[in-house]
Each structure stands twice: as C-alpha cells, then as structure tokens.
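J.: have a look at this prediction, sequence included:
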Amino acid sequence: MPARGFFAVLESGARMADLPKMLTTSQADEFGTPHLPFDNSYARLPDRFFARLAPTPVKEPRLIRLNEDLARYLGLDPAWLASPEGVRMFAGNLVPEGASPLAMAYAGHQFGNWVPQLGDGRAILLGEVIDADGVRRDIQLKGAGRTPFSRGGDGRAVLGPVLREYIVSEAMAALGVPTTRALAAVATGEHVWREAPEQGAVLTRVAKSHVRIGTFEFFANRGDAEGTRALADYVIARHYPEAAGADQPYRAFFEAVIGRVAALVAQWLRIGFIHGVMNTDNMSIAGETIDYGPCAFMDSYDPATVYSSIDSQGRYAYANQPRIAHWNLSRLAGALLPLFDTDKDVAVAMAQAALDTFPARFEDAYVSGFRRKLGLTQIREDDADLLQDLLDRMAQNNADFTLTFRRLSDAADGGADADASVGELFKEPAAFTEWVLKWRQRLAAEDVDPADRAAAMKSVNPAFIPRNHRIQAVITAAQAGDFLPFEELIAVLSKPYHDQPSYADYMNPPKPDEVVHRTFCGT
C-alpha cells in the first residue's frame, strides 16, 4: 500500500474534537517558559511519523519525586524542575519553550499477533536534550492524556504503575542494565477509572530513544519504503553511526541491533528479571529496557516463571525471553528487507545470515555473565554445564535466585559456614552440598585471591533487587498518602551491590502471605 497522510491511516475511530489541541509546526514552540535546552531531531522527520499535540492539563499537579541527579546529568536545573512551573511541565499543564510535543506512530506484534496501528496512546514526547556525555535523550510524559493512538483509552496513568516503573527502571540503572530512566513522578489530583477509581499520576521518562521494532513495522507494513528508509537513516545517525560507513550500512545496523538485544536479554537473565510483555512495540531499537508494565524479578528460581496477568500461555516467561527476542528481531529483519537489497532472495539471505548469529551471541553474553557470577576468570568449555547444574538444583529446591548468588559471593571467601548459609536456601541442602564440591574444585584451578574473587562476585551479584512484595507495599502505602516507604526503597536500590546492614530486611524474599503472583500493565 502506498504511503498516505498520517491521519488517513488512523484506525482508532477517535474524533478529533475529543482530542487535545493539535499543534502545527509553527505552534509547537509557542507554549510557556522557560527555555529548556531542547534539540528535537525526531520532530524534524516527516509528519506521518507522529501527531503533534499538547498534553492534556490536569487538575492539581503535585510533585511526588524528582530525580535530581538525573536532572543535573541532563543539564537541567533541579531547582526550577521542583518549582510550581516545573511541576506543571511534568504534569502536562505547561509546555516549555523549545519543546515540540508529539505522539509517535508505531505498530507491533502483541503476543505474536499483528496489530497495524498502535502508537503513543498515553505518552507525549516533549523533546530531546543532550546529556553530560553528549548523548541525545528523549524526555517523555507518560500518562499525559489522549492522542490519536489511544484506541478508545483515556490516555492516563495511575499511581501504582507509575511508582512501579519509577522504582524498577531506576533499580535497573543502578544494576548496570541499559534502561529508560525516571526523571519525575507527579500526582494529578484527578481520579482515573480502571476497575475502580484510582489516583492519577504522570511519569516523566528519559530514554536514548523511543523508536521501537514496531516503529519499523509501522512503515514497512504500509508499503512505505521511503518512510522505512528515512527511519533507518535517522536511527543509524542517532544510535549506530559506525554503521553509516559500512559497505552495507543497513545490514551493519541490523547486526548491531542484534548484538545489543542479545547482550540486553542476557543481562536480564543474569539478574532474574522478567520483562513481562516483550511485544515488538515494547522492544527499543537502541537496546534499552523499555515499557515497564507487568515486569518483575524472580524470588525462587524457576525458568518457567511468569508474573504478567495477561500472559496466560507463558509466552514471555523468564527462560523464553531469548527466544522471543530472536523472534522479534526476525520481525525487524522483515521490515528492513527492501533496504538490504533490491533482489528479495538476496535480501532474505542477508537477513537470515545475520539472524543466525543471535543464538551464539546471546549464549556468549549469557555464559560470560554467569561465569562472573560464579567467580570464574578463565574460560572453560564445561562452565555452562557447571552453571546449569546449579540452576537445575535451585529450581528443584525453590532456592531464591538473588540470595543464592549473593551468598555464593560470601562463600568464595569463606569456609563451611559460608557454604551452609547458601545451602539453607535449598529445600534439600544436600543438593547444594553436592554441587559446591564441583565449584570449589573449579575455583582451585585458578590462582585468584579469595578476597578478590569475593569482591568481584559481589560487584555482579546484587544484594538488593526491587522485590515484588516490597513494591506492592510501597504502592499500598503511597495510595494511603505515605510516600516514605517509596523514598526508602529508592534509596536502598540505588546501591544494589553494597552491603547495607541497616536495610538487611530488604534482602529477604517474601513470606508466604506476602508473595505477589501476578503483576499488571499500567493501561
């Protein structure tokens, strides 16, 4: 199908009169003050890439939390951001000078099913800034009101999911995993109807970019070759400039994306993270973790673990994430085929050759990461077997994933008592006792100081993760007006690899009556 004007392809049925004021290019910079250092490259793309519109104002915005360190890193003034004007900006009541607010167009495969029209249904990209390292970052309001992509939704977010994304995304950043960040959270002073009235909130999210695999699918599946090429050129220039000089820049770009995704998913598995909804519209083209909805960290290790309330078939279970990432990348390959070569057979062969590298690239990143978790500095072919043996025993004995590896770090510098501390996490401690003999034999083959090994292991085996029951407790307290638990949890999670004796309780897995079995998306 030939490319058409943006509004001609809307399939939501939304009436323009029901939407916030749409902006023309000339109007986009006429809202509010002060001037923030925006440089909005995405807004300079063709109009069919997005809809220009202002956020929908809210009744009584109130700042819940400002990430001051991140603000400074972005070159923004925390004092102004915390002022009434700054809070109005975070709520969508004020569009600052230099901003060019828009909702991005994209499509996607959701649970394997093709959905041709998605897009930012409740998010508004204010603009882009350059951080202290010279990296371009998007600043987006999530929960900022209806857009042409809302598909009948209200475009709002509620307090619980906003706090969850703030907590988990900042924890992921502290853990060293590529991720979107949370700059601020505000309460709106309004209620949002879900199954019952809930408190409204808006999250200000920061990302290298909000372009997704589904963004490429949006144009490719409309037969918009010009749009696909323009998007690829934009992403290469912004995220993969090294590909521009390659003999085949689009293939080089695709191969680079494969590498980033393989490394990212390996990092997820290394810390026991489950994204929950790995649809192609939730996969960042920049290789960051994005769209924290029904996400969670495992307590007891089980590769089949699923937390998402909508994942009834276990498609996005912990152990399935590499397979789904590979599948998602195949969808990206399909969108890029016309750019690889004009001969379809040649293009398919190029795409397949690149895709076929994913399993090995993932496996290398995965085993390498877990080798460090086990304190191994040399590469041996049987290391993967040693790791899998431990994981199998953990699964059979309901051993806590995070605590097992953290205590193993202590055992690397200890004796029988340290081993016993790990063993007590297993339903049958003998299962660990059998394995630890093999591990110690493997360690003895390397000339590494035990204290140095233990320190290195602690640098990759966190003591603190955002456990589901802790997040739920924070949300419950916040819904009652108490945000102190939220602040305390944020503080603890900011140092996940440090021993924090005064917060030792935060390391503990949930008691039987505290277990959270299901998490929910924020829509």
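T.: Received it, and whenever you're ready, just let me know what you need.
J.: relative to residue 59, how far out is residue 337?
T.: 49 Å (Cβ to Cβ, to the nearest Å). Any C-beta I mention is one placed from the backbone N, CA and C, and that applies to glycine too.
J.: so which of those two has more stuff around it?
T.: residue 337 (17 against 11; other Cβ atoms under 10 Å).
J.: hang on, that one in a helix?
T.: Yes - under DSSP: H, G, I helix; E, B strand; the rest coil, residue 337 falls within a helix.
J.: next up, the contacts around it.
T.: By Cβ atoms under 8 Å, 6 or more residues apart in numbering, residue 337 lies in contact with 344, 347-348, 351.
J.: again, 6 Å this time
T.: Residue 337 makes contacts with residue 347, as judged by Cβ atoms under 6 Å, 6 or more residues apart in numbering.
J.: and it, what pLDDT?
T.: For residue 337, the model assigns a pLDDT of 98.
J.: all numbers from here: first residue = 5
T.: With the count now opening at 5, the last piece we talked about shows up as residue 341.
J.: going along the chain, name the strands of this protein.
T.: 54-56, 66-70, 106-108, 112-114, 117-119, 127-134, 140-146, 161-162, 185-197, 201-211, 277-278, 300-301 (DSSP state E).
J.: so which of those is nearest residue 155?
T.: strand 117-119 (9.4 Å; Cβ to Cβ).
J.: quick revisit: reformat the strands of the chain as CSV; add mean pLDDT and mean neighbour count.
T.: Listed next are the strands of the chain as CSV, based on pLDDT from 0 to 100; neighbours: other Cβ atoms under 10 Å:
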stretch, mean pLDDT, mean neighbour count
strand 54-56, 97, 22
strand 66-70, 98, 18
strand 106-108, 98, 27
strand 112-114, 95, 20
strand 117-119, 94, 13
strand 127-134, 97, 23
strand 140-146, 97, 23
strand 161-162, 96, 24
strand 185-197, 96, 21
strand 201-211, 97, 23
strand 277-278, 96, 24
strand 300-301, 94, 26
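J.: out of those, nearest to residue 493?
T.: The nearest among the strands of the chain, by Cβ to Cβ, is strand 66-70 at 11.4 Å.
J.: other SSEs contacting the lowest-mean-pLDDT helix or strand in the chain?
T.: Within the chain, no helix or strand scores below helix 420-427, which has a mean of 87 by mean pLDDT, DSSP states H and E. Applying 3 or more Cβ pairs under 6 Å, 6 or more residues apart in numbering; DSSP states H and E, one finds that helix 420-427 contacts helix 405-415, helix 433-448.
J.: tell me which of those sits most buried.
T.: Most buried of those, by mean neighbour count (mean count of other Cβ atoms under 10 Å): helix 405-415, with a mean of 23.
J.: what pLDDT, on average, does it get?
T.: Average pLDDT, helix 405-415: 97.
J.: apart from its neighbours in sequence, what residue is nearest residue 432?
T.: The shortest distance from residue 432 to any non-neighbouring residue, by Cβ to Cβ, 6 or more residues apart in numbering, is to residue 401 (5.6 Å).
J.: may I ask you to confirm that the one you found is in contact with residue 431?
T.: Yes - the criterion here is Cβ atoms under 6 Å, and residue 401 meets it with residue 431 at 4.2 Å.
J.: these two: which is more packed in?
T.: residue 401 (19 against 10).
J.: neighbouring contacts of stretch 262-269?
T.: 182, 291, 325-326, 329, 333, 362, 365-366, 369.
J.: what number of residues lie near residue 263?
T.: Residue 263 has 16 nearby residues by other Cβ under 10 Å.
J.: kindly report the same for residue 241.
T.: Residues near residue 241, counting by other Cβ under 10 Å: 12.
J.: and the strands of the chain as CSV, adding distance to residue 230?
T.: Below are those laid out as CSV (distance: least, Cβ to Cβ, whole Å):
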stretch, distance to residue 230
strand 54-56, 16
strand 66-70, 41
strand 106-108, 18
strand 112-114, 21
strand 117-119, 22
strand 127-134, 22
strand 140-146, 24
strand 161-162, 34
strand 185-197, 33
strand 201-211, 26
strand 277-278, 38
strand 300-301, 41
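J.: and of those strands, who's closest to residue 451?
T.: strand 277-278 (33.6 Å).
J.: next one: that closest one to chain centre, how far?
T.: 10 Å (Cα atoms, centre = their mean, to the nearest Å).
J.: residue 103 contacts residue 130, doesn't it?
T.: Yes - with contacts counted by Cβ under 6 Å, residue 103 reaches residue 130, the gap being 4.6 Å.
J.: where do the contact lists of those two overlap?
T.: In contact with both residue 103 and residue 130: no residue, using Cβ under 6 Å, 6+ apart.
J.: point out where this structure drops to low pLDDT.
T.: 5-39, 419-420, 521, 523-527 (pLDDT under 70).
J.: okay, buried residues for the helix of greatest length in it please.
T.: Secondary structure of the chain read by DSSP state H shows that its longest helix is helix 253-274. Within helix 253-274, the residues that count as buried by 16 or more other Cβ atoms under 10 Å are 253-274.
J.: returning to that earlier point: what sits in contact with each of residue 401 and residue 431?
T.: Joint contacts of residue 401 and residue 431 (Cβ under 6 Å, 6+ apart) do not exist.
J.: so residue 109 sits against residue 123, correct?
T.: Yes - in this structure, residue 109 is within contact of residue 123 by Cβ under 6 Å, at 4.8 Å.
J.: what's the spacing between residue 164 and residue 69?
T.: Where residue 69 is concerned, residue 164 sits at a distance of 15 Å (Cβ to Cβ).
J.: typed the wrong thing, it's residue 469
T.: 20 Å.
J.: please apply the same query to residue 196.
T.: 19 Å.
J.: now residue 309
T.: In terms of Cβ to Cβ, residue 309 sits 29 Å off from residue 69.
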